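**Student:** What follows is a predicted structure for the sequence shown.
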Amino acid sequence: MDFAIYARRSTDAQSDYSTADQIRECQSRISIWGGQIFGVYVDDAVSGSDISRQEYCRLKADAQAGRFDCVVIDDLSRMGRDFPEFVTFVRDIADIGITMRSVADGLDTANPSSKIPIYLKGIFNELFLDDLKAKIVRGLKGQVLRGYSTGGRIFGYATEPIYDPSGAKDKFGRPRRFGCRVMVDPDQADLVRRIFSMRESGLGYRSIAHVLNSERIPSPHAGCGTRPGFWCTGTIRGILGNRKYIGIWEYNRTRWIKKRVSGKRKVLKNDPSEWVTYTSEELRIISDSQFDFVSEMRRTQRTRSNSGRKAYLLSGLAKCGECGSSMIVENSGRSSCLVCNNARNKGPVACTNNHRISRFVVEAAILSELRAAVLSPKAVCSLVSFSTPILEGLISQPVDSISQLRRQKATLETSIGRLLDSIESQGKSESVKTRLAERELELRDVSTRLARSGLTPVATPVITPDWVEERLTSLSGLLEAYGDRVPLIRNELMKLIPDKLSLSPKKTDNGMEYQVTGKLNPFNLLERSSLQLCIIAAQGLEPRTRGL
């Protein structure tokens, strides 16, 4: 009999020997049962509510492949604390004849009498996690009302541990600590006041960041991991909108939930009745009048909505050759250009590449190089041999029923009409906009199929190298025709050029030029494996000379 051992440690706070102890107990019991160990699966420092755990997913895949006969765990809670996922796993492996045994609980799914206690334990394991979350939130609320820190660093403040005056010790023999009292850090508080004053005088977020970076003042992120510690617009914006600087400390405004399938976290707003507010004049750094003035500036300032941002062909595909930061699009229309994100938002201290280049010049040069690669003789022949069977399959498909297509078309037209009515009455939302675009694409497809259904079968057209070259020669025009699908085209380009394109300004005898280098992902259509070109555009390489 082949056994698979699964072990899990929830957090780094648990002992490093936790998983080793679990594996040892499982191995000891397997030696008594008799059999061999197929493999050991260990998820280290991963929550039991995460159903996308790497080793857990590998265990399920090996179980579906029938590579072992039984899963052995030290305790049922190690398998996870998501009850629906736990039940699904137990049923799925039972359907293919695999059992599960828990050493500490003494339970075996092969025994029918163990079904009820196994499911009850699964429910209790999930309830334990919910109860633990509630207790943590309750304890943190109490710390806030007592004026203690709930964790995290707030620029402008420091913490001081508060110990039991009686000298009592905790279970580890250390002085018992009640919490950490928050107090104003004089040096950081002066900098906070200066940031508010600069904003009050009319400087923007980016200009304030440039000033602080030019003076080599460490940002709140300095020393956090590998982050360089430069000031940026987001940091300045966060400081200017933080109500803690006027002595109002709020807790439990939001909560985080984890999506079951993806494992990603999402923030949700709590009801105002659940907020916990603590007010302290001792923690005030900014006056109410100054904070209100800056807040009013933010409300009246013209901001760009994320939903209105346009997708560009090179968004996320180009990086600065000097610092490695992303090249972002500045302005729009004819003056649209690419500029280093670090140089633009953090100043010359972060990156000296303050040159700009026309976005259209870069796009045209890259498309020209790609066109040359795709139109190579080998690539054209590959496209012909690849496309011909696909086209034959489409032509040979049975003609759709005209009556069925007409019904689908009528249904889609009705649905589109309702969505348009909803937009007129309630305004355009992102969800309605997405659904409308989907219905319009479906209607276009159904209309095309309906038109084709009324035609008599035709012979399969022949795809020739000349036909492919004719279509791909105007690659720029082809992309313009599908301008509404720029994100899809960009995603394909990112697969083609996975390491991104590096843009580096260089000074030559002819002036400044941008050198664009990159590497194409090798696949059977392309003979070339590297992409190298120089773009000379003096008019697009002028440095940013606008004042702060």
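**Tutor:** Perfect, thanks for sending it.
**Student:** How many residues are close by Val516?
**Tutor:** Other residues near Val516 come to 22 when the count uses other Cβ atoms under 10 Å. C-beta here means a position set from N, CA and C on the backbone, and glycine is covered the same way.
**Student:** looking at it, it is touching Leu503, isn't it?
**Tutor:** Yes: Val516 is within contact range of Leu503, at 5.4 Å (criterion: Cβ atoms under 8 Å).
**Student:** okay, and the common contacts of those two?
**Tutor:** Shared contacts of Val516 and Leu503, defined by Cβ atoms under 8 Å, 6 or more residues apart in numbering, comprise Val362.
**Student:** where does the stretch 201-350 of the chain dip in pLDDT?
**Tutor:** Counting by pLDDT under 70, the stretch 201-350 of the chain shows low-confidence ranges at 223-228, 258-264, 301-311, 332-333.
**Student:** mind listing the helices for it?
**Tutor:** Remark: helices assigned in the stretch 201-350 of the chain by DSSP state H, counting those that start in this stretch are 205-214, 233-240, 288-300, 341-346.
**Student:** For the chain, which helix extends over the most residues?
**Tutor:** helix 115-145 (DSSP state H).
**Student:** Surely Arg67 forms part of a helix?
**Tutor:** No: counting by DSSP: H, G, I helix; E, B strand; the rest coil, Arg67 is not part of a helix but coil.
**Student:** who are the neighbours in contact with it?
**Tutor:** 2, 4, 38-39.
**Student:** buried ones in the longest helix of the chain?
**Tutor:** Judged by neighbour count using 16 or more other Cβ atoms under 10 Å, the buried positions of helix 115-145 are 118, 121-122, 125-126, 129, 140-141, 143-144.
**Student:** Next secondary structure element downstream of that helix?
**Tutor:** strand 157-163 (DSSP states H and E).
**Student:** Flag every buried residue along that next one.
**Tutor:** For strand 157-163, burial by neighbour count (16+ other Cβ under 10 Å) applies to 157-159.
**Student:** Next: stretch 247-255.
**Tutor:** 247-249, 251-252.
**Student:** Quick check: the two most widely separated of those residues?
**Tutor:** By the measure Cβ to Cβ, Gly247 and Asn252 form the most distant pair in those, at 18.2 Å.
**Student:** what bits of the stretch 401-548 of the chain have low per-residue confidence?
**Tutor:** Residues of the stretch 401-548 of the chain that meet the cut-off, pLDDT under 70, sit at 401-402, 425-431, 452-463, 468, 470-488, 521-548.
**Student:** What are the boundaries of the helices in it?
**Tutor:** 402-426, 430-453, 465-473, 475-481, 486-496.
**Student:** who wins for proximity to Cys340 among those?
**Tutor:** helix 486-496 (19.3 Å).
**Student:** sorry, back to before: as JSON lines, the buried residues of helix 115-145 with pLDDT and distance to Leu313 would be great.
**Tutor:** Below are these laid out as JSON lines (pLDDT from 0 to 100; distance: Cβ to Cβ, whole Å):
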{"residue": "Ile118", "pLDDT": "85", "distance to Leu313": "55"}
{"residue": "Lys121", "pLDDT": "83", "distance to Leu313": "54"}
{"residue": "Gly122", "pLDDT": "81", "distance to Leu313": "50"}
{"residue": "Asn125", "pLDDT": "80", "distance to Leu313": "49"}
{"residue": "Glu126", "pLDDT": "79", "distance to Leu313": "47"}
{"residue": "Leu129", "pLDDT": "75", "distance to Leu313": "45"}
{"residue": "Leu140", "pLDDT": "80", "distance to Leu313": "47"}
{"residue": "Lys141", "pLDDT": "79", "distance to Leu313": "49"}
{"residue": "Gln143", "pLDDT": "80", "distance to Leu313": "50"}
{"residue": "Val144", "pLDDT": "79", "distance to Leu313": "48"}
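**Student:** Output those as CSV; include the columns distance to Gly234.
**Tutor:** As requested, those are exported to CSV (distance: Cβ to Cβ, whole Å):
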residue, distance to Gly234
Ile118, 48
Lys121, 45
Gly122, 42
Asn125, 39
Glu126, 37
Leu129, 33
Leu140, 25
Lys141, 28
Gln143, 28
Val144, 25
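**Student:** burial measure for Pro272, as a count.
**Tutor:** Quick note: Pro272 (other Cβ under 10 Å) scores 8 neighbours.
**Student:** Identify the residues contacting the nearest residue to Asp170 once chain neighbours are set aside.
**Tutor:** The spatially closest residue to Asp170, leaving aside those adjacent along the chain, is Arg176, at 4.9 Å (Cβ to Cβ, 6 or more residues apart in numbering). Residues near Arg176 by Cβ under 8 Å, 6+ apart: 163-164, 168-170.
**Student:** Look up how far Ile162 lies from Arg176.
**Tutor:** According to Cβ to Cβ, to the nearest Å, Arg176 and Ile162 sit 10 Å apart.
**Student:** quick one, which of the helices of the stretch 401-548 of the chain is nearest to Gly347?
**Tutor:** Nearest to Gly347, of the helices of the stretch 401-548 of the chain and by Cβ to Cβ, is helix 486-496 at 28.7 Å.
**Student:** Relative to the whole chain's centre, how far out is that closest one?
**Tutor:** 17 Å (Cα atoms, centre = their mean, to the nearest Å).
**Student:** bridging residues for Tyr163?
**Tutor:** Listed beta-bridge partners, Tyr163: Arg177 (assigned using DSSP bridges).
**Student:** can I assume it is in contact with Arg174?
**Tutor:** No: if you go by Cβ under 8 Å, Tyr163 and Arg174 don't touch, sitting 9.4 Å apart.
**Student:** for the stretch 1-150 of the chain, which spans come out with low pLDDT?
**Tutor:** Across the stretch 1-150 of the chain (using pLDDT under 70), the flagged ranges come out as 12-16.
**Student:** let's go with 90 and repeat that
**Tutor:** Within the stretch 1-150 of the chain, the segments meeting pLDDT under 90 span 1, 9-20, 34-35, 44-54, 64-66, 75-92, 94-97, 104-107, 109-150.
**Student:** Now do the contacts for Ala158.
**Tutor:** Counting by Cβ under 8 Å, 6+ apart, Ala158 has contacts 182-185, 188.
**Student:** bridging residues for it?
**Tutor:** With DSSP bridges applied, Ala158 shows beta-bridge pairing to Met183.
**Student:** And it, how far from Pro175?
**Tutor:** Distance from Ala158 to Pro175, by Cβ to Cβ: 20 Å.
**Student:** what does Lys506 give?
**Tutor:** 61 Å.
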